[in-house]
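J.: Predicted model and sequence follow; I will ask about them next.
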Amino acid sequence: MLPFTLFALMFLLVPTMFIVVGAFRAEGGGFTLAHIANLFTPSILAAFSISIRISLASAFLGCLIGFCVACALTVGGLPRWIRGPMLTFSGVASNFAGVPLAFAFLATLGRLGLVTVFLREWFGINIYALGFNLLSFWGLTLTYLFFQIPLMILIVTPALDGLRREWREAAEVLGASRAQYWWMVAFPILWPTLLGTLALLFANAFGAVATAYALTGSSLSIVPIVLFAQIRGDVLQDPHIGYALAFGMIVVTGIGNALYIWMRTRAERWLK
Amino acid sequence: MFHPRSAPRSAAALAALAVVAAGALPARAEIPQALVDAARAEGTLTTVALPHDWCNYGGVIQGFKDKFGLTVNELNPDAGSADELEAIRANKDNKGPQAPDVIDVGFSFGPAAVKDGLLQPYKVSTWDEIPENVKDPEGYWYGDYYGVLSFAVNTDIVTDPPKDWPDLQKPEFANAVALSGDPRASNQAILGVYAAGLSAGGAPGTEAGEKGLEFFAELNKAGNFVPVIGKSGTLAQGATPIVVWWDYNALSGRDALNGNPPIEVVVPATGVVAGVYAQGISAYAPHPNAAKLWMEYLYSDEGQLKWLEGYCHPIRFNAMAKAGTIPQELLDKLPPAAAYEQAVFPTLEEQEAMKTAITAGWDKVVGANVQ
Amino acid sequence: MRPNRIWAWLALAVGILYFALPLIGTIEFSLRMRRGVYSFDAYRAVLGDPQFRATFSFSVVMALMTIVLGVLVVAPTAYWVRLKLPRWRPVVEFVTLLPLVVPPIVLVFGYIRLYNTSSWLPLTGTAGGTNVLLLAGYTVLALPYMYRAVDTGLRAIDVATLTEAAQSLGAGWITIMARVILPNIMVAILSGAFLTFAIVIGEFVLAALLNRPAFGPYLQVLGANRAYEPAALAVITFAITWACMGLIQLVTRLQKHTQVPR
């Protein structure tokens, strides 16, 4: 415990304190709640709302799809050699974010993207005419999934490995069908892990700024971008609002975490 | 007010001053040898936020290294002006190679840096040739180069480039127009909105800011505006075939793409906004003499011409043009001088006013808060 | 009760399609550097640079060290919390989620303020010291993923019983960690290692502001204002990182043969 605490203090908590202190510090020094109060303006609240919704959407979808793929890899009965490359690929893809990812999606599903053009020329389907738009809430969520799904796969695979064959055999012996096995045995065991990964995916999406900035920079106002604009950028802004925003993000993450822990404690009640 | 339109008047004044100065000071002010020796003793210079493709900083840094034999630590070429100030603040007590010696920031950041006590004053030997209203009278910060906002057009996709701001609203430019940054944070993007407002007849300051917002709101409603941040890649790929960019960025981007695809750089007929950047030496610079030598180099003919090679107008452009020290080939590569006649240089007060209007109003007016 | 293979293949196919298409889009664009024909010009421009190898090796070494440090910090902690201090779990988990929402630029400026040349621990004054700082920073960035991976792994094994069994056979704590727990969670650690490796290779802000010659800043300098080169760089980085991870997996697989197959 001690090395971790020391490490976390020295390299994570104390540097982060600058944010917390900055959020409450007035212009000339001294304590103030003004910056926090300034957070409750409509545009900033809207930014928080969009951020939270995109993070939830990409976390849930990432969880679901990632789980399916992870299942396919572990218990799906696929050839063993597929697993290694898929896991390493997930490792790389989980960090493929920011400008390269935004550009990759623009080059594929943008108005002049490869797939868009292909579908139009070869099948006569114009996805943009049908209402699809990469530069929108769902377009951004789709892009976020590129690093959310691999993250889910990587974290959940060891858990799926831990589902012992004996349990399935025991269930079979007692007459359970596949669906019953999954519903009554596997899912309850996996539930805490799934929740934990959901929390991780949420925080991951919540803090992601580079991809959103590159893709929808000026149209979708998510919190990290607003934060970015305050503490970086070429035009003078108010760094204190930036600190207050960062503090707000920490609070939201804390609340999300608390929710997750509460749900997990209830799920774990019957587990050792 | 620094208007090239009034260049003849100020050029006459400058010429008079030069004649007087030539008699009083050594011609083409020399860099003191003592400074060169002191800088060499320090050995390195630490810079921040200088991308190699911006104003040919790659060439400038190499020229500096070749001429004086110092090494240059280049920190974070991706930094914005606010990052540079923050880097000075954070490195106040740090003498290691992470502390920047010199900064190159947006115009409005100069006075802000002075207010926070982040800069130390220094007047280069060519100080008098820097126009009055783009430098701090006490020498804390000084304008270094300028350019005007232009349209970079991918002529593979947009066969008939727009000539002016109102053209952008035409239906043939659907899904085409992009800014090069986030209008809530990026100098280039905010001035882009401002330029559109000036073109629409707004008075300099808040009014042009608001008219610019209306222009972009219309552009967005018409479906011509693409909210992606325009870069070389998106310009070439086609996601943003028209990008509102500093002319020097557009021109060097055009060169880098080398005809694939062909790019045309158009300075709009109305609403020409010029932007000045400023240099400063950090108050806590670990290598103050190297920093001063760097400034001397930048403001010498050699340094100023290297910026010109990157298509940036160096701040001593007028003086050097009159003295005939600019090679004709470089002049030919620039956009026609007529375009610059109308360039408007926003004052600090005007910048503050319109910046507030634009950053606060963007989300509301342009309707960008997608739900 | 045979696993229904059709669904597995379908899930895999959808997954592969989703991931392959954007990459194909990027590759296609990077090949377009020479007008009208597909060519490898962008790749030649990128790979010909001598800095490429130097900065990439630096980052690979840093990545491997970060993995080791990460495991050393996280594994014993997760184990201890699970075994003896379950009440601390919410706190520890919250702390491990923090790096995801704290912008790295805030982190690095915090480091410079705390550990500069005039402070109680002047790490920034020397290259070695700054490397230590960079290593710590990378480990912090990888913390959420490493912790979640290790925690998942520990959950799948019966930690209490294994510990008791080992203790009854006379093992000390270090032996328990090294020879009983770690081998059993190797798959999870590997997941965490992959994530850490990818993070360190691509990381930019920390290295750029601490002035270390890492791969991230190099990528930025090379591709900042270009069109085709960054696409080529993205593809190359992706391929090389994937290959490195394949190597890591190969190395650990050699060790796996000593374990009992499930």
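T.: Looks like it came in fine. None of these values were measured; they are calculated from a predicted model.
J.: my read: C:N184 touches C:D158, true?
T.: No: using C-beta atoms under 8 Å, C:N184 is not in contact with C:D158; the gap is 9.6 Å. For the C-beta atoms, the positions are set from N, CA and C on the backbone; glycine is no exception.
J.: and C:F238, what does it touch?
T.: Going by C-beta atoms under 8 Å, 6 or more residues apart in numbering or on different chains, C:F238 touches A:92, A:96, C:23.
J.: Now the first one, what are its backbone angles?
T.: Main-chain dihedrals, A:V92, degrees, to the nearest 10: phi -70, psi -40.
J.: Which parts of the stretch 1-150 of chain A are strands?
T.: For the stretch 1-150 of chain A, no strands are identified by DSSP state E, counting those that start in this stretch.
J.: how about low-confidence regions in it?
T.: A:26-29 (pLDDT under 70).
J.: Name the residue of it that lies nearest to chain B.
T.: With C-beta to the nearest C-beta, the shortest gap between the stretch 1-150 of chain A and chain B falls at A:L112, namely 3.6 Å.
J.: how deep is the closest residue to that residue other than its chain neighbours tucked in, by neighbour count?
T.: Spatial nearest neighbour of A:L112, excluding adjacent residues (C-beta to C-beta, 6 or more residues apart in numbering or on different chains): B:G238 at 3.6 Å. As a burial measure, B:G238 scores 22 neighbours (other C-beta atoms under 10 Å in any protein chain shown).
J.: Over to B:G238: give its phi and psi.
T.: The phi/psi pair for B:G238 (degrees, to the nearest 10) is phi 110, psi -10.
J.: Quick one: residues contacting the residue of the stretch 1-150 of chain A closest to chain B.
T.: B:157, B:237-239.
J.: if you set the cut-off to 10 Å instead, what comes out?
T.: Taking C-beta atoms under 10 Å, 6 or more residues apart in numbering or on different chains, we find A:L112 in contact with A:106, B:157, B:175, B:237-239, B:241.
J.: Can you check the pLDDT for the residue nearest to A:L112?
T.: B:G238 carries a pLDDT value of 85.
J.: Tell me the secondary structure at B:Y142.
T.: The three-state label given to B:Y142 by DSSP: H, G, I helix; E, B strand; the rest coil is strand.
J.: what's the most distant pair in the contacts of A:L112?
T.: Spatial extent of these (C-beta to C-beta) is set by the pair A:L106 and B:I157 at 14.0 Å.
J.: Between those two, point out the one with more neighbours.
T.: A:L106 (28 against 17).
J.: Return the residues in contact with the residue nearest to the more buried one when sequence neighbours are not counted.
T.: Nearest in space to A:L106, with sequence neighbours left out and distances taken as C-beta to C-beta, 6+ apart, is B:A239 at 4.6 Å. If a contact means C-beta under 10 Å, 6+ apart, then B:A239 has A:102-103, A:105-107, A:110-113, A:134-135, A:215, B:157, B:175-176, B:178, B:226, B:228, B:230-231, B:233 as its contacts.
J.: Phi, psi for the residue of the stretch 1-150 of chain A closest to chain B please.
T.: phi -110, psi 30.
J.: One more: B:G117?
T.: Dihedral angles (degrees, to the nearest 10) for B:G117: phi 70, psi 30.
J.: Measure how far stretch B:40-60 is from the centre of its chain, please.
T.: 16 Å (C-alpha atoms, centre = their mean, to the nearest Å).
J.: Look up the closest residue to the closest residue to chain B within the stretch 1-150 of chain C, ignoring the ones flanking it.
T.: At 3.2 Å from chain B, C:N116 is the closest residue in the stretch 1-150 of chain C, using C-beta to the nearest C-beta. Nearest residue to C:N116, sequence neighbours excluded (C-beta to C-beta, 6+ apart): B:N94, at 3.2 Å.
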